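Peer 1: Predicted model, plus sequence, below.
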Amino acid sequence: VQSRRTVAKYGLYQGTADVESTRRLTLMSDLRRAIEQDELLLYCQPKVSIASREVCGAEALVRWRHPQHGMVATGEFIALAERAGLIMPLTRWVLETAFRQSHTWYEQGVRCPLSVNLSAQDLRDPRLIDRIVGLFATWAMPPELVQFELTESALMEDPAGALDTMARLKALGVELFVDDFGTGYSSLSYLQKLPVDALKIDQSFVMSMLTNPGSAIIVRSTVDLGHNLGLGVVAEGVESEGLWEGLRALGCDTAQGHFVGMPIPADQFIEWEAHSPWRLRPAAGDTTPAI
Ligand code: C2E
Ligand code: MG
Ligand code: MG
Ligand code: MG
């Protein structure tokens with residue numbers, strides 16, 4: 001009886017799994033085509049300095065508008081790309097598009113660093129650094145205008161390898177962020193060795209910090225930890241003015257989230273800024289000629 005029940009139960013789940021895996025397989029082959037045929041979109045979301053209320057950067061977030069299914073959730077297709085071995089071509093598309101966008105801003109006199117998310121697989125790609133060096137050369141971009149975000153869990157898949165790749169990235173003069181900090185089991189001794197500039201507190205802690213005392217303690221401790229290590233601290237998931245004020249009281253440096261600005265198509269960013277309550281950090285004092 002026990003085994004028959006198990007079979008029946010398994011059969012039920014199997015049915016659901018089949019529908020899901022069919023969708024996944026279709027999406028995987030469609031994604032391959034989407035990358036090749038340039039069907040992806042580059043969105044970006046502002047980061048604002050809490051003390052000065054200046055836009056101090058933007059995060060590049062990839063979007064995919066499927067011809068039949070419409071917008072596919074980014075988390076879903078990034079996970080698919082990871083399983084289908086499509087992360088490297090996807091990252092190449094994001095990097096090329098982000099550098100082109102960054103160069104356009106640079107030519108317009110806008111000095112807004114754009115951060116690109118890297119996956120665990122990117123950190124193992126032996127050609128990653130050369131590709132980035134090549135893009136800096138092609139677009140003649142100062143290194144401080146491109147940044148990279150690496151999730152704490154991606155770093156922990158291969159801590160030694162990640163450290164090595166980060167050291168090479170850092171040697172190019174770019175800024176590095178630990179993304180989704182607080183969700184990835186890194187040790188404090190490892191964190192201390194990482195050549196990073198800032199921690200991004202995972203949005204799950206930020207969004208619940210006004211209602212969950214445990215989250216509030218985690219956010220406060222992370223701000224202090226970051227500052228004591230000489231790092232900047234960015235809060236993601238800042239959805240309300242209350243969160244903004246709470247983070248300001250804790251001395252958090254930078255806010256990102258729906259209260260500050262939604263992700264929007266990257267080419268609309270400057271227009272968005274003009275109508276937003278925030279101001280781009282002036283390029284004054286920057287005498288580097290655009291060559
Ligand atoms: P992430 O790097 O932690 O990016 C922040 C995510 O939080 C984004 O989701 C953003 O749209 C969302 N978000 C921002 N503010 C708020 C808010 O106030 N409330 C809520 N609820 N959400 C907010 P998105 O764009 O769907 O991306 C999900 C994840 O997919 C990213 O998390 C990142 O890990 C990954 N991802 C996005 N673009 C890329 C990419 O170009 N390459 C790689 N490798 N991963 C990417
Ligand atoms: Mg990120
Ligand atoms: Mg994050
Ligand atoms: Mg996240």
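Peer 2: All right, it came through fine. Numbers count the residues shown, from 1 in each chain. Ligands and ions are numbered 1, 2, ... in the order given.

Peer 1: pLDDT on the helix or strand harbouring Leu90, on average?
Peer 2: Here Leu90, judged by DSSP states H and E, is contained in helix 87-107. The average pLDDT within helix 87-107 is 97.

Peer 1: Does ligand 1 have contacts with that helix?
Peer 2: Yes - under the criterion of CB under 6 Å from any ligand atom, ligand 1 is reached by helix 87-107 at Val94. To be clear about C-beta, it is placed using only N, CA and C from the backbone, and glycine gets the same treatment.

Peer 1: Contacts for the helix or strand harbouring Ala137 next, please.
Peer 2: Using DSSP H and E, Ala137 falls within helix 128-139. Counting contacts by CB atoms under 8 Å, 6 or more residues apart in numbering, the residues outside helix 128-139 that touch it are 91-92, 95-96, 99-100, 102-103, 118, 122, 141, 143, 146, 165, 168-169, 172.

Peer 1: on that earlier part again, now for the helix holding Leu90, which elements pack on it?
Peer 2: With contacts defined as 3 or more CB pairs under 8 Å, 6 or more residues apart in numbering; DSSP states H and E, helix 87-107 has these neighbours: helix 2-36, strand 40-49, strand 54-66, helix 74-84, strand 114-118, helix 120-123, helix 128-139, strand 146-151.

Peer 1: Would you reformat those as JSON lines and include distance to Met262 and mean pLDDT?
Peer 2: Shown next, in JSON lines, are the helices and strands packed on helix 87-107 (distance: least, CB to CB, whole Å; pLDDT from 0 to 100):
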{"stretch": "helix 2-36", "distance to Met262": "23", "mean pLDDT": "72"}
{"stretch": "strand 40-49", "distance to Met262": "7", "mean pLDDT": "98"}
{"stretch": "strand 54-66", "distance to Met262": "10", "mean pLDDT": "97"}
{"stretch": "helix 74-84", "distance to Met262": "13", "mean pLDDT": "94"}
{"stretch": "strand 114-118", "distance to Met262": "17", "mean pLDDT": "98"}
{"stretch": "helix 120-123", "distance to Met262": "26", "mean pLDDT": "96"}
{"stretch": "helix 128-139", "distance to Met262": "27", "mean pLDDT": "98"}
{"stretch": "strand 146-151", "distance to Met262": "18", "mean pLDDT": "98"}
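
Peer 1: Stretch 86-98 vs ligand 2: in contact?
Peer 2: No - between stretch 86-98 and ligand 2, judged by CB under 5 Å from the ion, nothing touches; the nearest distance is 11.6 Å.

Peer 1: Contact residues of the protein facing ligand 3?
Peer 2: Near ligand 3, when you scan the chain using CB under 5 Å from the ion, you find 179-180, 236.

Peer 1: Cross those residues against strands and list the overlap.
Peer 2: 179-180, 236 (DSSP state E).

Peer 1: what residue lies at the spatial centre of the protein?
Peer 2: Asn117 (4.1 Å; CA atoms, centre = their mean).

Peer 1: who touches it in this structure?
Peer 2: Applying CB under 8 Å, 6+ apart, the residues near Asn117 are 59-61, 94, 148-151, 179.

Peer 1: re the thing from before, select from the residues of the chain next to ligand 3 the one having the most neighbours.
Peer 2: Highest neighbour count within the residues of the chain next to ligand 3, by other CB atoms under 10 Å: Asp179, with 26 neighbours.

Peer 1: so is Gly230 in a helix, a strand, or just coil?
Peer 2: Classification of Gly230 using DSSP: H, G, I helix; E, B strand; the rest coil returns coil.
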